[in-house]
Structures are given as structure tokens and as C-alpha cells.
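Engineer: any chance you could fold what I've pasted below:
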Amino acid sequence: MASRSLSSEDELLISGLKQGEEQFYRLLFDTYYNPLVVFANRMLLDIDLSRSVVQDVFVMLYDKREDIVIHTNLNAHLYQSVKNRCLNYIKRDKMKSGHHQIILERFDTFQQPSNTLEYNELQSLIDSTVDSLPDQCRRIFRMSRNEGVTNQEIAEMLDISKRTVETQISKALKKLREELARHQII
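Structural biologist: Down below sits the predicted model:
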């Protein structure tokens, strides 16, 4: 339901969006896309990533159009959504970098691949182990580790509980540890 502080133009746009009328979505996209990309780029310093973030916001807006509730105005809502997405990306990127650093530090204490061939063999073992996981487990693990998606976001995307996501990631990590130990890598 639209808030009383919404302008009549915003109310019209939101009403059209909720009804799935493409011309309203197109108008919204044409009006806000470029300014939102510039805004996102100030935070992310990566124009392609900024475009992707803004596109994600528009996709989410379209996917959830029937349930959309905007309390301030459409402009503020879109900018806040982009800001939140950018901050989530920055947070995930830091977390992902932290995971990579921990893996590198642990790997240094075990065996450092002495050449590209050993590294490629290790990567191949990891890839084949991940590929051998059950479908849902593999998908969740890749979303978490390769794409940097949070457990809560995975749960929402796949319509499962956060606990299920955590359990699947734990299973995948256990399988990876077992395979690395079996090959005497750890």
C-alpha cells in the first residue's frame, strides 16, 4: 500500500508496476538507470559491477512488484536499495577476500604447489570434488564460495531455511577436507 507522502506520479508508477504494466517499468528504468549506475559507481569504483548491481535492483523490484511497499518516495527507495546492494557487495567481497586469505595461509603451512602443474592438479581435485556433490549442495556451495552470496540470501533465493544452507555448506566443506586429506594435501 502506498504511503501518503508519495507523490501522485510515484503512486501512478507503483500502481502500474504492481499491475505488471511494462510501460511503467520501462519509464522507471529509463528515468533512474543511469543516475543509479553513477551513484553505485561512486561506492564500488567498477562500472560493470555498478551496472550489475542496479540491474539486480530493477529485477528485484519487478520480481516483488506485487508486494512492494514504499514508505518515503520512489526516488529515495531506489537509491537506498542500490546503496544497500553496494554495501552488501562490499561486505561479501571483504568476507570472500578474508576466506581466500585464510585458505592461502593454511595452504602455506601445508604444501605449496611448486609449479603450475601442481596448482592445476589441486584446482582440478577441488573442482571434481565440488562437481561430485549432490545438486542442491553443489549449487549452495558455489553460490556461497564462488559468488559470495550470504547464507540468508541463498535461503531466500532458493526458498529454503538458512539452517539448511548452513548444513549444505558444512557437508560440502567436510567432503572437500576428506578428499584433500585422502590425497595427502592437508
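Engineer: for the rest of this, base every contact and every neighbour count on C-alpha atoms.
Structural biologist: Fine.
Engineer: what are the ranges of the helices in this protein?
Structural biologist: 8-18, 22-44, 47-63, 74-109, 116-131, 135-145, 151-158, 162-182 (DSSP state H).
Engineer: in a markdown table: those helices, plus mean pLDDT and mean neighbour count.
Structural biologist: Shown next, in a markdown table, are the helices of the chain (pLDDT from 0 to 100; neighbours: other C-alpha atoms under 10 Å):
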| stretch | mean pLDDT | mean neighbour count |
| --- | --- | --- |
| helix 8-18 | 81 | 17 |
| helix 22-44 | 90 | 16 |
| helix 47-63 | 91 | 17 |
| helix 74-109 | 74 | 15 |
| helix 116-131 | 80 | 14 |
| helix 135-145 | 89 | 18 |
| helix 151-158 | 89 | 15 |
| helix 162-182 | 88 | 16 |
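Engineer: distance-wise, check the residue nearest the centre of the chain relative to residue 85.
Structural biologist: Geometric centre of the chain, nearest residue: residue 149, 4.0 Å, by C-alpha atoms, centre = their mean. Distance of residue 149 to residue 85, given as C-alpha to C-alpha, to the nearest Å: 11 Å.
Engineer: and this structure, what are its domains?
Structural biologist: Annotated domains of the chain cover 8-89, 110-182 [automatic domain parsing].
Engineer: quick one: distance of the shortest one to the chain centre.
Structural biologist: Its chain's C-alpha centre lies 16 Å from the corresponding centre of domain 110-182 when counted by C-alpha atoms, centre = their mean, to the nearest Å.
Engineer: can you check the longest one too?
Structural biologist: Mean C-alpha position of domain 8-89 versus that of the full chain (C-alpha atoms, centre = their mean) differs by 16 Å.
Engineer: distance between the ends of it?
Structural biologist: The first residue of domain 8-89 is 33 Å away from its last residue (C-alpha to C-alpha).
Engineer: which residues do residue 149 and residue 85 both contact?
Structural biologist: Common contacts of residue 149 and residue 85, defined by C-alpha atoms under 8 Å, 6 or more residues apart in numbering, are absent altogether.
Engineer: just want the phi and psi numbers for residue 134.
Structural biologist: Main-chain torsions, residue 134, degrees, to the nearest 10: phi -60, psi 150.
Engineer: can you count the residues close to it?
Structural biologist: As a burial measure, residue 134 scores 11 neighbours (other C-alpha atoms under 10 Å).
Engineer: list the contacts of stretch 38-47.
Structural biologist: 37, 49-51, 53-54, 79, 82-83, 86, 90.
Engineer: can I get these in JSON lines with distance to residue 132?
Structural biologist: Below are the contacts of stretch 38-47 laid out as JSON lines (distance: C-alpha to C-alpha, whole Å):
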{"residue": "37", "distance to residue 132": "39"}
{"residue": "49", "distance to residue 132": "31"}
{"residue": "50", "distance to residue 132": "34"}
{"residue": "51", "distance to residue 132": "34"}
{"residue": "53", "distance to residue 132": "31"}
{"residue": "54", "distance to residue 132": "34"}
{"residue": "79", "distance to residue 132": "41"}
{"residue": "82", "distance to residue 132": "36"}
{"residue": "83", "distance to residue 132": "38"}
{"residue": "86", "distance to residue 132": "33"}
{"residue": "90", "distance to residue 132": "31"}
